[in-house]
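**Student:** 3D model of this:
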Amino acid sequence: MTTWTVKLLGRFQLKDASNTPQPIRNQDAIKLLAYLLYFHQRSHACNQVAEVLWPHLDEVRRRNLFQKSLKLLYRQFSIAENSVITCQDGRLSLDIRYFNVDIISIKALIQQARSCSEPRQRLGYLMSIIQRDYGLLLSQFEDDWIVSERLHLHALYLTT
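**Tutor:** Okay, here's the model as predicted:
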């Protein structure tokens with residue numbers, strides 16, 4: 001199975017299975033992919049995603065930008081055996097099995113630390129989390145949803 005490594009913390013970065021950077025030159029496509037990766041646990045109503053990503057645009061321009069960004073992502077991930085991104089019945093979803101995402105790995109470490117009963121092992125998990133310099137979520141963007149999630153991640157980091 002083809003996989004991509006994605007860095008959402010700091011500047012967005014996408015690499016293929018051979019660790020070669022795969023640039024996405026369209027900022028709106030990056031935001032759409034980042035949103036789908038960050039909220040990978042569920043499917044999303046297409047019109048709601050467009051509203052979150054481009055709240056300052058009217059409905060027609062939002063829809064056009066959404067469709068353009070989605071087509072770029074379809075093209076980007078067309079080498080996979082199956083659909084990586086699916087848009088069906090007005091719902092958009094992403095198959096997370098094709099991706100290794102930094103924030104998902106960090107959240108998994110936090111969950112392991114929380115569920116660990118052995119104090120030394122728990123401390124090891126926590127130290128590995130806080131000793132890394134992750135950077136801000138999607139540091140090149142200032143969209144409302146991104147800023148909101150930065151605050152959430154900061155609170156999670158402080159709790160950790």
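
**Student:** can you give me how far the helix or strand of the chain with the lowest mean pLDDT is from the chain middle?
**Tutor:** Ranked by mean pLDDT, DSSP states H and E, the helix or strand of the chain with the weakest confidence is helix 119-130, at a mean of 83. Put simply, helix 119-130 sits 25 Å off its chain's centre (Cα atoms, centre = their mean, to the nearest Å).

**Student:** got a list of contacts for that helix?
**Tutor:** 106, 109-110, 112-113, 116, 157, 160 (Cβ atoms under 8 Å, 6 or more residues apart in numbering). C-betas here are computed from N, CA, C, even on glycine.

**Student:** Give me the next element, helix or strand, following it.
**Tutor:** helix 144-159 (DSSP states H and E).

**Student:** before we move on, the earlier item: for the contacts of helix 119-130, could you give me JSON lines that also reports pLDDT and distance to residue 20?
**Tutor:** As requested, these are exported to JSON lines (pLDDT from 0 to 100; distance: Cβ to Cβ, whole Å):
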{"residue": "106", "pLDDT": "86", "distance to residue 20": "24"}
{"residue": "109", "pLDDT": "83", "distance to residue 20": "26"}
{"residue": "110", "pLDDT": "84", "distance to residue 20": "30"}
{"residue": "112", "pLDDT": "85", "distance to residue 20": "30"}
{"residue": "113", "pLDDT": "84", "distance to residue 20": "33"}
{"residue": "116", "pLDDT": "85", "distance to residue 20": "36"}
{"residue": "157", "pLDDT": "77", "distance to residue 20": "30"}
{"residue": "160", "pLDDT": "71", "distance to residue 20": "32"}
